[in-house]
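Engineer: coordinates only, sequence not included:
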């Protein structure tokens, strides 16, 4: 062991003892590594945990639970980043415009009751919207549908033209021939049921729709739960409108 003396040639007693202790620890580590590790563990146990292994286990358990809670919290917040109501018992019906005020399709009001939506009962609808241009086929659309499972939102695949799909022409999805009259409730509220769509003001106030048979044609994955829908429609590459929808479904 070497000790470097200062300019005056004196070293304090505390510095000398500390240097000797470090030298002894270094030699012990090299000569008896296993004994050195055990001594370190005993030192930590004595200093941090009062000499009790039970205290060490308790501290490790607390730290592990804290880390797990933090991970679960981060997962829950990441799964609800795009919905501030994600922590509620169910998602209340809500919608938002993800497009621009210059888009031809402008939705001003959309209210649906009951909430959650009961598939096998009638629904009440309030609608106030504007179409600023005449639109004919083809009308393309990109739709994303996600379902909440626990804290996460899972994207649903496109099955039988339902789910997260890319539609080349929405007009072809209408199951009516050109000469077939529009079924209720379209004539009752003066709403179009097929293309072309004429520009104008479309409004429904306190409209009641009977949909008791709709559950028979819904896909198997559409079960009771919370859903997020993001849809954007285009005509000749121009965006017609973009809207998001949160809805809770029950049977």
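Structural biologist: In hand now; what should we look at? Here the structure is a predicted model, which means the values were calculated and not measured.

Engineer: in the protein, which spans are strands?
Structural biologist: In the chain, the strands defined using DSSP state E lie at 94-97, 105-113, 117-118, 123-131, 140-149, 152-155, 166-167, 200-209, 225-235, 238-250.

Engineer: walk me through which strands the last one pairs with, and which way each runs.
Structural biologist: In this case it means strand 238-250. Paired with strand 238-250 in the same sheet, following DSSP bridges, are strand 94-97 (antiparallel), strand 117-118 (parallel), strand 225-235 (antiparallel).

Engineer: could you give the angle of it to strand 123-131?
Structural biologist: Relative orientation of strand 238-250 and strand 123-131, computed by axes from the mean of the first three to the mean of the last three C-alpha atoms, to 10 degrees: 170 degrees.

Engineer: what angle sits between strand 238-250 and strand 105-113?
Structural biologist: 10 degrees.

Engineer: follow-up on the earlier one: could I get the strands of the chain as a markdown table with mean neighbour count and distance to residue 176?
Structural biologist: In this view, the C-beta of every residue, glycine as well, is placed from N, C-alpha and C. Output for those, formatted as a markdown table (neighbours: other C-beta atoms under 10 Å; distance: least, C-beta to C-beta, whole Å):
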| stretch | mean neighbour count | distance to residue 176 |
| --- | --- | --- |
| strand 94-97 | 14 | 26 |
| strand 105-113 | 15 | 21 |
| strand 117-118 | 16 | 24 |
| strand 123-131 | 16 | 20 |
| strand 140-149 | 17 | 19 |
| strand 152-155 | 14 | 30 |
| strand 166-167 | 14 | 17 |
| strand 200-209 | 14 | 17 |
| strand 225-235 | 18 | 19 |
| strand 238-250 | 18 | 21 |
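
Engineer: where among these is average confidence lowest?
Structural biologist: Note on the strands of the chain: strand 117-118 shows the lowest mean pLDDT, a mean of 80.

Engineer: other residues contacting that strand?
Structural biologist: Residues from elsewhere that reach strand 117-118 (C-beta atoms under 8 Å, 6 or more residues apart in numbering): 93, 123, 247, 248, 249, 250, 251.

Engineer: quick one: which of those is nearest to residue 168?
Structural biologist: Of all the contacts of strand 117-118, residue 168 sits closest to residue 247, with 25.5 Å by C-beta to C-beta.

Engineer: what residues are bridge-paired with that closest one?
Structural biologist: With DSSP bridges as the rule, residue 247 is bridged to residue 227.

Engineer: hang on, the earlier thing: in JSON lines, list the strands of the chain along with distance to residue 192.
Structural biologist: Shown next, in JSON lines, are the strands of the chain (distance: least, C-beta to C-beta, whole Å):
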{"stretch": "strand 94-97", "distance to residue 192": "20"}
{"stretch": "strand 105-113", "distance to residue 192": "13"}
{"stretch": "strand 117-118", "distance to residue 192": "23"}
{"stretch": "strand 123-131", "distance to residue 192": "9"}
{"stretch": "strand 140-149", "distance to residue 192": "16"}
{"stretch": "strand 152-155", "distance to residue 192": "30"}
{"stretch": "strand 166-167", "distance to residue 192": "17"}
{"stretch": "strand 200-209", "distance to residue 192": "8"}
{"stretch": "strand 225-235", "distance to residue 192": "14"}
{"stretch": "strand 238-250", "distance to residue 192": "14"}
